[in-house]
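>>> below is the sequence, then the predicted model.
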Amino acid sequence: MPPILELKGITKRFPGVLANDHIDIQLNKGEILALLGENGAGKTTLMNILYGLYKPDEGEIFVNGEKIEVNSPIDAIRAGIGMVHQHFMLVPVFTVTENVMLGDEYTKWGGFLDRNKAAARIREISELYKLNVNPDDMVEDLPVGIQQRVEIVKLLYRNADILIMDEPTAVLTPQEVDELFAILKKLVDQGKSIIFITHKLREVMECADRIEVIRLGKVVGSTKPADASPEILANMMVGREVELKAAKKPCNPRGNVLKVENLTVMDMHNHVMVDDVSFEVQSGEVLGVAGVQGNGQTELVKAITGLQTPSAGRITLLDKDVSKATPRKITEIGSAHIPEDRQKDGLVLASSVADNLVLNTYFHPPFAKGIILQRNAIGSNAVELIKKFDIRTPGGSTLVNYLSGGNQQKVIIAREFSRPIKLLVAAQPTRGLDVGSIEYIHSRIVEKRDQGCAVLLVSTELDEIMQLSDRIAVMYRGKILTTVNAKEVTKEELGLLMAGVMPTLKKKKVDDTQVRELIT
Amino acid sequence: MTNTKTTGEKKNFLTIFYEELSKSSLTIIILSIISGFILGGILVILTTPEVYQAFGRSFGEGLSASWQIVAKTYSSLFIGSFGDPAKIKVAFASGDSTAINKALSPFFESLVVTTPYLFTGVAVALGFKAGLFNIGAEGQVQIGGIAAAWAGWTFSGLSPWVHVPLAFLVGAAVGGLWGLVPGWLKVKTGAHEVITTIMMNYVAYYLIYYLIASPFRDPEEVVPKTRWVLDSAKLYRFFPDFNRFHIGFFIAIAVAVVVWFILFKTTWGYEIRSVGKNPHASKYAGMNITTVTVVTMMLSGAIAGMAGANEILGVSWRQSQALASGYGFDSIALALLAQNHPLGVILTALLFGFLKSGSRVMQLNAGVPIYIINILQAFIIMFIAAPAIIRTIYRLKTPSVKEVSPSVASLSEKK
Amino acid sequence: MEKNTQPVRVNHFKAFMAGSRHRIMGIFFILVAVFMRLVLTNSLDTSAMTTFATNINDTAIQIPNWTFNSRVGLDVISLLCIGLGLYEFIRGFKKATSLVLGIMGVIIVLGFLFWGASGTSISFTGMLAVMVIRAVPITIGALSGILCERAGIVNIAIEGMMISGAFAGAVIGSIWGLWPGVLAAILMGMLLALIHGVLSIKYKVDQIISGTMINILSTGLTSYLYIKFLQDAEYQHLNESGFFKPFAIPLLSKIPVIGPIFFDQNLYVYAMFILVIVLWIGLYKTRWGLRHRAMGEHPKAADTLGVNVFRTRYLACLLSGAVAGFGGSYFSLGSVGRFEQTMTAGRGFIALAAMIFGNWNPVGSLGAGFLFGFAESLTTKLSLLRFPIPAELLLMLPYVITIIVLGGVVGRSRGPAVGGTPYEKESL
């Protein structure tokens, strides 16, 4: 039996980059194949080619042994290929029915929409695969886990036999990840075949039947979970020995830097996003805030960095009340911020590297005398920082737009770290970056902490939280459920907390049977 | 480069000027202007009945008629703008100062027409730098003008050294108010300034209509006009018997230089440009978006108001029933062409000013309505905004780096 | 975690002011009511009567004119205002706010009318009839804007498309007749929209810049051609198209009050209503509408499902231009019967405000169009009354209202998510 899907010699060039280099992949019917590789390795490009969003420069695609031309998503859909993208392709203001049927609508009397027929079909699919999706819901009201299922329904509605999932677990709690894997297994039982793109090693081990590792646009290894381990896989992904756990000196907290008391923050629709939260961060320690995106972390960070005024509570930074302070005042006291959305909030893409490096200090001497900018000082500052932080750029006057993601983040770090800082607020600092950049940023954060800085780390990547934090606070629905010592908690426990479940924690690790009991 | 003293500045100014200008895609700009003229010429040919008649007789005659009308159009344009080269040569040869002045008058008149564009072009460019779309230059000019006129006849017994700046400032202040309202509405409610500034234009128009009809009306005139501005408020004219060239031109140049300096050499300018490029990151970095937006909009309105003051105090010395003079959209074209650079605006304002000045003669001699200039502007904007078109036409190579073209937020942008 | 024993300031004031906008509006309404009561009512005689004439033309049933005591009328209005204002202040209307704002506007204007017409009679029905007519270019312009923006393309060139439509309609109408004139106007609008589309979609020019360019080109071209040809006596015959006369719909036009307003108008009024209905059905009930709206909310989602983003957007531009061109022909073929240089007077821009006020919804645009149309019809009437405000200032009214509307409504309404940015195909 020929494999249900075969990619032969797929090559794709972008200006300055060879994204896919003669890649050969096979997918067998009823199999879950994991495509593993770090950010920027070329996995998404490959799948976009398969789905008809890009055209390959060379190579061929075969479905069930027959060659097919995929010039647009319509061709892919017709060939039975469906894709769930990393960033959901759902229209927030449409209902589930409208989102699912878009492009393939049931119509009556010419062009009029037949929503009922589509809704019935959606219910059918939802039943069959136990997806629990209600056709009449408005997508923007749905939680992320359900939205993902709507995406899956979209594929099944179009009779997809080959399902591609691009980084599906990025936005899920560990429990939701388990649920997703259960759904995938059910789909496979019904005869579907799945390609699963990810850079998360553990999930690959749990879920895949086979693993293909891609690095720098080439397939560099093929294996099965039984024959591999996270370390081996990481090695294949990066091409060298990777320290999965950064070495860390023991924590030595000295004195309070940040104190948050009974903080309540509303969002713009007057919903309570941060609900009576209190915690402290000491100098020389890393407090990690774990939690799934959307549980109030964003608003918490906004309040602490001065972008939003809390509606109740107090924030104290180095014994000064900054609850209502402006971002500038907070920065001046000695706080640094690495924002979640680096391109929107952290950088002015259309400005030069040098200008970005003084984005919050341009009005200080030596960068300004009174109101006159001192271009020379700004220029030499850029030269210095580019060297010190190893920012890959042609020069200080290059527009930040042209730098890679990792280097853009380095610009932000260079800027923030080059001031004397007492508090570092880092939100999703390594999102979307390659392993090399991730290593670099983690080590700089730990370095700052060792120098006596207090670090508030907010991240949805559990590995990052567990690696870097000394203490971990879990946020759920705007509240901090509990704060634990990093060394005394397991990933499973954290997962439960992130989903709102409070297991009774003992000082030793809870074993698997107990965890299963808690879930059911 | 921190020298701000006057003597060495002239040379530095030119070097900086040249440097700044050559960083931009000069070829595209020049080709755009040329292409605009070509398209304009084609339009003229297509709309001249005589050409069709000539083609009716023979192809050769048709071509020659086409060429003639285009040549006549553009040569009258040139003569209207600069003056008749023949007359100028004769005048200089004769050495008679009256003749020289007369021959050079068109040139100086063009400078007079250029002056308000200098102001409004800088005003609009400043707005763009902050990410603001100020289409209200029209209204700001008018209202600044009438305010300056009012100051011009209300305060008597002042020395010109006091009166002129006073009237100018009054005009600027009221223009600033006209910019403040849309600016404030934008930050407080998100109302898009494209619509609010245009509405303010109409409000200004009708307000002036009313003012000229009653409170400010000159009782001695049959047709509604304001009173005359007092002599002490009038701007100094260099050649009072021959043309209207007045000191306002130099004031405008000075304003352009000052705005350039603020934008690129000061911390305020850094903030303005930063907010214009990315308000979110600017907010994160501690800048006060509200202040920057409102103040820039106000400043933009004030500078446009100065254009109005300039026209009243330097040219007409009173306000007649307001005519829509097209400053609003013209200045946008100006600013875009200069890539929103204040010094570049000096050049583009000169271009448009000379074109406009010459267009009256062109209409007279060649029978081509002055609105061809607007059409030219539209084409030039199109070519500048979509450089790919020029590249395709002239088969130029694409640059390896992406061009950063001016971009403004959408009408339904949520905050 | 240790409990913090120090009392923490809870920011009551901040919470109270969180909904500040509706409180400010509430206070504004109440102030207006108070102003009415104190200033306006008191300036009238206790016996002054206001008459609203209700009959024009022939209606089957003649309703007696509506006469009432001015002061009483004003009091009723003031009470309504206070009531609405209090509700707004305490609870706020939230989603219904646009509607309430519109109602408030109408009530307040009515109040001024009661006052201004005190002692005389004004033709109320007549005013409403004029309101409907004046709403036409604004509503049709707003529909044009909706067509484009719902698909993710910002179109500020409606003004330019309208004036070109007016021109084409007048000239072709003079040569070949009214209906060919309409067709020419539609084609002209489509041509300009196509240019806008090509620039925005293919060349990725900023949509506001390309819209501005079309405006400049249109006004320039129409003025150029007008001065070159139409002002010449020789070519006068090119500018005498005449206009569509109103015709009454049998039976319906005999209904008192409503009849003359809605069913005895010219082609353009009927077309306006038809277009609103067609567009509403089209956008929300058809396949075309679903895909069209997806373009403005999440074009990438549609793209991944095989819907051609570029084709849909080009189509949207063309439709938008067609409607705008048609709306422009109203000025010449539906009104004065010829072309004049500044016919459109900014209505294309007011149409954009109407679109926003109407929440990008065809029916909302109709309501917004009525509001602006009423303001315009008011200005003509008020100058006939003994209104102490000079006529020239009254002419400002529609534009001032636009500013107030934009300030009060935008920020609360939700427009299409995407707008102003070109669609990049290869960027996931």
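Yep, that arrived.
>>> show me what from the stretch 251-400 of chain B comes close to chain A.
B:264-270, B:273-274, B:277-278, B:280-288 (Cβ under 8 Å from any Cβ of the partner chain). For glycine as for every other residue, the C-beta is placed from the backbone atoms N, C-alpha and C.
>>> from the residues you listed, which are also near chain C?
Okay, of these, nothing touches chain C (Cβ under 8 Å from any Cβ).
>>> mind listing which of those are in helices?
Among those, the members found in helices (DSSP state H) are B:264-265, B:267-270, B:273-274, B:277, B:280-284.
>>> find the nearest non-adjacent residue to B:Gly344, please.
Spatial nearest neighbour of B:Gly344, chain neighbours left out: B:Ala338 (3.2 Å); criterion: Cβ to Cβ, 6 or more residues apart in numbering or on different chains.
>>> do A:Leu233 as well
A:Leu201 (5.1 Å).
>>> show me the contacts for that neighbour.
Contacts for A:Leu201 (Cβ atoms under 8 Å, 6 or more residues apart in numbering or on different chains) come out as A:Leu36, A:Pro230, A:Leu233, A:Ala234.
>>> any idea how far C:Ile277 is from the residue of chain A positioned farthest from its centre?
What lies farthest from the middle of chain A is A:Trp109; by Cα atoms, centre = their mean that is 44.9 Å. Separation of A:Trp109 from C:Ile277 (Cβ to Cβ, to the nearest Å): 17 Å.
>>> please apply the same query to C:Gly197.
From C:Gly197 over to C:Ile277 the distance is 26 Å, taken as Cβ to Cβ.
>>> what does B:Ile375 give?
The gap separating B:Ile375 from C:Ile277 is 38 Å, by Cβ to Cβ.
>>> A:Lys410 too?
From A:Lys410 to C:Ile277 the distance is 58 Å (Cβ to Cβ).
>>> residue contacts, the residue sitting nearest the centre point of chain C?
Computing the C-alpha centroid of chain C and ranking residues by Cα atoms, centre = their mean puts C:Gly369 first, at 3.1 Å. By Cβ under 8 Å, 6+ apart, the residues touching C:Gly369 are C:Ala135, C:Val136, C:Ile138, C:Thr139, C:Ala142, C:Met272, C:Ala354, C:Gly358.
>>> any idea how far the first one lies from chain A?
It refers to C:Ala135. 28 Å (Cβ to the nearest Cβ, to the nearest Å).
>>> quick one: buried residues of the helix or strand containing that residue?
Assigned by DSSP states H and E, C:Ala135 belongs to helix C:124-149. With burial defined by 16 or more other Cβ atoms under 10 Å in any protein chain shown, the residues of helix C:124-149 counted as buried are C:124-149.
>>> so which strand or helix has the residue nearest to the centre of chain C?
helix C:362-384.
>>> what's the mean pLDDT across the next helix or strand after that helix?
Of the helices and strands lying after helix C:362-384 in sequence (DSSP H and E), the nearest is helix C:391-394. The average pLDDT for helix C:391-394 rounds to 72.
>>> elements contacting the helix or strand following helix C:391-394?
Using DSSP H and E, the helix or strand that follows helix C:391-394 in sequence is helix C:397-409. If you count contacts as 3 or more Cβ pairs under 8 Å, 6 or more residues apart in numbering or on different chains; DSSP states H and E, helix C:397-409 packs onto helix B:160-189, helix B:193-213, helix C:97-116, helix C:347-357, helix C:362-384.
>>> between the contacts of C:Gly369, which is closest to chain A?
Chain A has its nearest neighbour among the contacts of C:Gly369 in C:Gly358, at 16.7 Å by Cβ to the nearest Cβ.
>>> so how many other residues sit close to that closest one?
Residues within reach of C:Gly358, counting by other Cβ atoms under 10 Å in any protein chain shown, total 26.
>>> hang on, it packs against C:Gly367?
Yes. Using Cβ atoms under 8 Å, C:Gly358 makes contact with C:Gly367 at a distance of 6.1 Å.
>>> looking at A:Lys410 and C:Ile277, which is more packed in?
Comparing A:Lys410 with C:Ile277 by other Cβ under 10 Å, the one with more neighbours is A:Lys410, at 26 against 13.
>>> ok so, going back, most widely separated two among the ones in helices among the residues of the stretch 251-400 of chain B next to chain A?
B:Lys265 and B:His280 (25.2 Å; Cβ to Cβ).
>>> SS state for whichever residue of the stretch 151-300 of chain A sits closest to chain B?
In the stretch 151-300 of chain A, no residue comes nearer to chain B than A:Met268, which is 8.4 Å away by Cβ to the nearest Cβ. Counting by DSSP: H, G, I helix; E, B strand; the rest coil, the backbone at A:Met268 sits in coil.
>>> follow-up on the earlier one: could I get the pLDDT score of the residue nearest to A:Leu233?
Looking at A:Leu201, its pLDDT is 78.
>>> dump the residue contacts of A:Ser397.
A:Ser352, A:Val353, A:Ala354.
>>> and the stretch 401-520 of chain A, which of its residues are near chain B?
Counting by Cβ under 8 Å from any Cβ, the stretch 401-520 of chain A sits next to chain B at A:Asn401, A:Tyr402.
>>> strands along the stretch 401-520 of chain A, start to end?
Using DSSP state E, counting those that start in this stretch, the strands of the stretch 401-520 of chain A run over A:423-427, A:454-459, A:471-476, A:479-485.
>>> would CSV of those strands with mean neighbour count and mean pLDDT be doable?
Below are the strands of the stretch 401-520 of chain A laid out as CSV (neighbours: other Cβ atoms under 10 Å in any protein chain shown; pLDDT from 0 to 100):
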stretch, mean neighbour count, mean pLDDT
strand A:423-427, 25, 93
strand A:454-459, 26, 93
strand A:471-476, 24, 90
strand A:479-485, 17, 87
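>>> closest to A:Val277 out of the ones you listed?
Short answer: strand A:479-485, nearest of those by Cβ to Cβ, at 5.4 Å.
>>> what is the closest one packed up against?
Right, strand A:479-485 is packed against strand A:272-282, strand A:471-476, helix A:491-498 by 3+ Cβ pairs under 8 Å, 6+ apart.
>>> the second one to strand A:272-282, inter-axis angle?
Between strand A:471-476 and strand A:272-282, the angle comes out at 180 degrees (axes from the mean of the first three to the mean of the last three Cα atoms, to 10 degrees).
>>> ok now strand A:471-476, how far from the chain's centre?
Chain-centre distance of strand A:471-476: 18 Å, with Cα atoms, centre = their mean, to the nearest Å.
>>> can you list the residues of the stretch 251-400 of chain C near chain B?
Residues of the stretch 251-400 of chain C lying near chain B by Cβ under 8 Å from any Cβ: C:342, C:345-346, C:349-350, C:352-353, C:356, C:360, C:390, C:392-393, C:395-396, C:399-400.
>>> which of those are buried?
C:345-346, C:349-350, C:352-353, C:356, C:360, C:390, C:392-393, C:395-396, C:399-400.
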